[in-house]
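Asker: Sequence and predicted structure below; questions after.
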Amino acid sequence: MASEAFFPDLSLASGLKRYSVSLLVLAVALGIRALLDPSWVSHTPYVTVFAATIFASWYGGIWPGILIAVLGVLASNLFFVYPLYSLRPYGRAEVLASGILYIATCVPIIAIGEANRRSTQRRCEAQDLLRQCNSDLETRVQQRTAELETSNQGLRKLSSRLMQLQDEERRKFSRELHDSLGQILVMAKLNLSKLFQKNPHDKLLAETEKLLEEALVETRTISHLLHPPLLDEMGLVSAAKWYVKGFAQRSGIQVSIEVGHDFARMPRSTELVLFRILQESLTNIYKYANASRAEVFLGSKSSDVLLQVRDYGKGIPPETLESLQCQGADMGVGLPGMRERVNEQGGRFEIHSDDTGTLISVTMPTDERNPC
Ligand SMILES: Nc1ncnc2c1ncn2[C@@H]1O[C@H](COP(=O)(O)OP(=O)(O)OP(=O)(O)O)[C@@H](O)[C@H]1O
Ligand SMILES: [Mg+2]
């Protein structure tokens with residue numbers, strides 16, 4: 001392990017490099033052998049060459065190992081065995097025996113070195129493959145993340161467009177109700193009043209006139225709830241006060257509304273978003289909170305506007321809040337819709353809820369360049 005850390009890529013060196021380095025090491029080994037005590041001459045001719053062969057087998061593999069072993073025997077005989085510079089040594093049998101012994105020792109060393117080199121090479125190849133797979137995987141994850149982000153953006157755009165269309169539909173339907181059905185009912189009531197004046201004791205006429213009056217009020221209420229005309233004409237504060245008053249009467253929940261002193265009119269889209277959030281928050285309080293009272297606050301701070309709706313009910317279940325954090329995949333459209341509307345306008349949407357009640361808090365920038 002330690003040698004791999006120091007020479008991690010040696011076994012993968014190119015063929016030429018492996019031979020060159022092995023030959024260089026042999027030259028160094030011969031040099032060192034030459035520097036040793038001259039009295040060693042003839043006694044231990046292969047001592048340093050042996051080390052060079054081990055290195056060449058480990059580093060270069062089988063062929064550089066064999067080359068260095070053979071060259072090592074020849075060079076050692078040439079330089080360190082009497083007579084020097086001759087390959088015909090004195091005491092040939094003895095020298096031959098030690099040479100054979102040297103070669104025989106080199107064979108397993110070369111085999112082990114080659115096996116080691118191959119296994120290192122395979123490990124390096126596996127590591128390369130792993131690195132390649134990793135980088136492929138990372139590229140794929142990045143691609144998928146980008147695709148997911150694009151489709152999320154598409155979904156966000158779609159849901160914002162749907163909410164816009166819903167607002168437009170509500171506005172149109174509200175006007176239709178008011179201008180056609182409302183007017184027809186008014187005319188019918190007028191006609192009935194005339195008939196009633198002629199027959200003041202007719203009970204059926206009196207009852208019908210009362211029913212028509214109720215139908216007129218109901219039509220107006222539905223029309224105004226769909227899209228309060230006050231919102232466009234008088235602004236958010238008037239529409240909110242009107243809505244809160246009507247809601248309190250209908251629901252029996254005590255709701256107070258407080259408006260900051262310098263609260264001014266805002267772009268139509270901002271006022272509409274805040275009004276829809278107020279509507280949905282109060283509807284949720286009526287449906288789920290089991291609260292006897294609630295508070296609405298409208299205020300402004302520098303270029304931001306703040307809407308807070310607080311109730312003192314039982315609070316939103318923790319799992320619903322958690323689900324909302326995870327994009328609200330399996331819940332109603334009320335709370336996620338509020339958040340989408342606010343995000344769309346560059347605002348901030350927060351919910352704090354526990355068993356003492358719920359606070360919906362919305363901060364929206366008011367765009368001075370886009371007056372209502
Ligand atoms: N003020 C509140 N107090 C207690 N629980 C609430 C309150 N507001 C919302 N919830 C809980 O959060 C859930 C999700 O509300 P949300 O408005 O998103 O959907 P919904 O009202 O169920 O359906 P939709 O608004 O689409 O008609 C509700 O089902 C309810 O359990
Ligand atoms: Mg709801």
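Answerer: Right, received. Where do you want to start? Numbering: from 1, shown residues only. Ligands and ions are numbered 1, 2, ... in the order given.

Asker: how many other residues sit next to residue 245?
Answerer: The number of residues packed near residue 245 is 12, by other Cβ atoms under 10 Å. For glycine as for every other residue, the C-beta is placed from the backbone atoms N, C-alpha and C.

Asker: The strand or helix carrying it near ligand 1 at all?
Answerer: Following DSSP states H and E, the helix or strand that holds residue 245 is helix 236-251. No: in terms of Cβ under 6 Å from any ligand atom, no part of helix 236-251 sits within range of ligand 1; the closest distance is 12.6 Å.

Asker: Give me the secondary structure label for the nearest residue to residue 308 once chain neighbours are set aside.
Answerer: Among residues not flanking residue 308 along the chain, residue 297 sits closest, at 4.4 Å (Cβ to Cβ, 6 or more residues apart in numbering). Assigned state for residue 297: strand (three-state reduction, DSSP: H, G, I helix; E, B strand; the rest coil).

Asker: Residue 297 bridge partners, please.
Answerer: Beta-bridge partners recorded for residue 297 (DSSP bridges): residue 258, residue 308.

Asker: wait, it sits on residue 305?
Answerer: No: applying Cβ atoms under 8 Å, one finds residue 297 not in contact with residue 305, separated by 11.1 Å.

Asker: those strands in the chain, which residues are they?
Answerer: 254-259, 293-301, 304-311, 348-354, 357-365 (DSSP state E).

Asker: more neighbours, residue 297 and residue 305?
Answerer: Taking neighbours as other Cβ under 10 Å, residue 297 and residue 305 compare with residue 305 leading, 22 against 16.

Asker: tell me which residues of the helix holding residue 245 are tucked away?
Answerer: By neighbour count with 16 or more other Cβ atoms under 10 Å, helix 236-251 contains the buried residues 236-237, 239-244, 247-248, 251.

Asker: For the closest residue to ligand 2 within the chain, the count of nearby residues, please.
Answerer: Nearest residue of the chain to ligand 2: residue 334, at 2.7 Å (Cβ to the ion). For residue 334, the neighbour count with other Cβ under 10 Å is 18.

Asker: Was I right to think it contacts residue 280?
Answerer: Yes: using Cβ under 8 Å, residue 334 is in contact with residue 280, at 4.8 Å.

Asker: got the residues of the stretch 201-350 of the chain near ligand 1?
Answerer: With Cβ under 6 Å from any ligand atom as the criterion, the stretch 201-350 of the chain comes near ligand 1 at residues 284-285, 287-289, 311, 313-317, 320, 331-335.

Asker: can you rerun that using 5 Å?
Answerer: Neighbours of ligand 1 within the stretch 201-350 of the chain, by Cβ under 5 Å from any ligand atom: 284-285, 288-289, 316, 320, 331-335.

Asker: Show me just the buried residues among these.
Answerer: Counted by 16+ other Cβ under 10 Å, those give 284-285, 288-289, 316, 320, 334-335 as buried.

Asker: can I get the residues you listed in CSV with distance to residue 163?
Answerer: Formatted as CSV, these follow (distance: Cβ to Cβ, whole Å):
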residue, distance to residue 163
284, 17
285, 21
288, 22
289, 24
316, 22
320, 21
334, 12
335, 13
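
Asker: Out of these, flag the one nearest to residue 359.
Answerer: residue 316 (10.4 Å; Cβ to Cβ).

Asker: Could I get the contacting residues of residue 359?
Answerer: Residue 359 sits next to 308-310, 350-353 when contact means Cβ atoms under 8 Å, 6 or more residues apart in numbering.

Asker: Apply 6 Å and report the result again.
Answerer: Neighbour list for residue 359: 310, 352 [criterion: Cβ atoms under 6 Å, 6 or more residues apart in numbering].

Asker: Quickly list what it is bridged to.
Answerer: Using DSSP bridges, the bridge partners assigned to residue 359 are residue 310, residue 352.

Asker: ok, so what distance separates it from residue 113?
Answerer: Computed with Cβ to Cβ, to the nearest Å, the distance linking residue 359 and residue 113 is 75 Å.
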